[in-house]
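*Asks:* This is the structure alone, sequence omitted:
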C-alpha cells in the first residue's frame, strides 16, 4: 500500500453522465497531482495542487474539473466526457513540488466512456 | 520530436537474463532521472533515482545516465518473473521543469 488511495477502481459512464473520482493520501504530503495514462502513451500531467491551491493546469478540457478541499483529498469531477477520455486516471502526491521529490501514486481509476 | 522517447516493447526475456531498458531525451536541462515500475492494475512506484550523470546500483538494478548522449538506461541482472512489469523512465530539471515521463516499456520475464 503506497498511502495513496483512489476510488472507484473502475468506472463506466455514458457521455451525458456526471461522476467524480476521489483520491486520498495518508502521507502528510503538500502536493497532489492528477495524471492521465493512455495505452502506449506517456503519463500526461493534468493538474497540480500545492497546499490546496491549483498551481498547474495543462490545457485540460473543461469537462474535467478538479477540486482540492484539503491537503489530503483530491477530486476529479467528470461531465459530458468523450470516448477518447477513456484511460487510467492516476492520482499522486509528493512532499512538495520540488523537481527531485518522489511522487507516490495511487492504483488508479480505470475509466471507460461509452 | 518528443521530449522523452521510450520503446514500448513488449520485451520478453528468459529468467536469469540481463535486461536493458533505455530512454532518450532532447532537453539538455534535465538533471534528475528516475525509473518507475508499474505492475498490472497498479500505480507506478519509484524504483531508481539518479542526479546528473553516472551510475547508481541497488541490488540487481543499475541506473545509468549519459548526459552527453542524452541517454539513460536501467539494467536488471538475474531477471525474475516478478520483474515482469512496465518500466517508465522520467526526468525533470531545475527552473520549474515538471517531470516528463516516457511511454513505458512492457517487460515479460519467462520462467
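*Replies:* Looks like it arrived, so ask away. Just so it is clear, the model here is predicted, and its values are computed rather than measured.
*Asks:* Could you check stretch B:77-85 and say which residues are buried?
*Replies:* Buried residues in stretch B:77-85, counted by 16 or more other C-beta atoms under 10 Å in any protein chain shown: B:79, B:83-85. Heads up, the C-betas are built off the backbone N, CA and C, glycines and all.
*Asks:* of all these, which comes closest to residue A:108?
*Replies:* Top of the list for closeness to residue A:108, among these and by C-beta to C-beta, is residue B:85 at 14.3 Å.
*Asks:* I would like the residues contacting stretch B:23-32, please.
*Replies:* A:99-100, B:1-6, B:49-52, B:67, B:69-73, B:89, B:91-95, B:97, B:100, B:102 (C-beta atoms under 8 Å, 6 or more residues apart in numbering or on different chains).
*Asks:* Next, the buried residues of it.
*Replies:* Judged by neighbour count (16+ other C-beta under 10 Å), stretch B:23-32 contains these buried residues: B:23-25, B:30-32.
*Asks:* Turn those into JSON lines, including pLDDT and secondary structure.
*Replies:* Formatted as JSON lines, the entries for the buried residues of stretch B:23-32 read as follows, by pLDDT from 0 to 100; DSSP: H, G, I helix; E, B strand; the rest coil:
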{"residue": "B:23", "pLDDT": "97", "secondary structure": "strand"}
{"residue": "B:24", "pLDDT": "97", "secondary structure": "strand"}
{"residue": "B:25", "pLDDT": "95", "secondary structure": "strand"}
{"residue": "B:30", "pLDDT": "90", "secondary structure": "strand"}
{"residue": "B:31", "pLDDT": "89", "secondary structure": "strand"}
{"residue": "B:32", "pLDDT": "90", "secondary structure": "strand"}
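*Asks:* Which member of these is positioned nearest residue A:77?
*Replies:* Minimum distance to residue A:77 across the buried residues of stretch B:23-32 is 32.1 Å, recorded for residue B:32 (C-beta to C-beta).
*Asks:* And the next helix or strand past the one helix or strand residue A:67 maps to?
*Replies:* Using DSSP states H and E, residue A:67 maps to strand A:64-70. Following the chain from strand A:64-70 toward its C-terminal end, the next helix or strand by DSSP H and E is strand A:73-79.
*Asks:* Rebuild the buried residues of stretch B:77-85 as JSON lines, extending it with secondary structure, pLDDT and distance to chain A.
*Replies:* Output for these, formatted as JSON lines (DSSP: H, G, I helix; E, B strand; the rest coil; pLDDT from 0 to 100; distance: C-beta to the nearest C-beta, whole Å):
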{"residue": "B:79", "secondary structure": "coil", "pLDDT": "98", "distance to chain A": "22"}
{"residue": "B:83", "secondary structure": "helix", "pLDDT": "98", "distance to chain A": "19"}
{"residue": "B:84", "secondary structure": "coil", "pLDDT": "98", "distance to chain A": "17"}
{"residue": "B:85", "secondary structure": "strand", "pLDDT": "97", "distance to chain A": "13"}
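*Asks:* Out of these, give me the two with the largest separation.
*Replies:* Taking C-beta to C-beta as the measure, the buried residues of stretch B:77-85 span a maximum distance of 11.1 Å, between B:79 and B:85.
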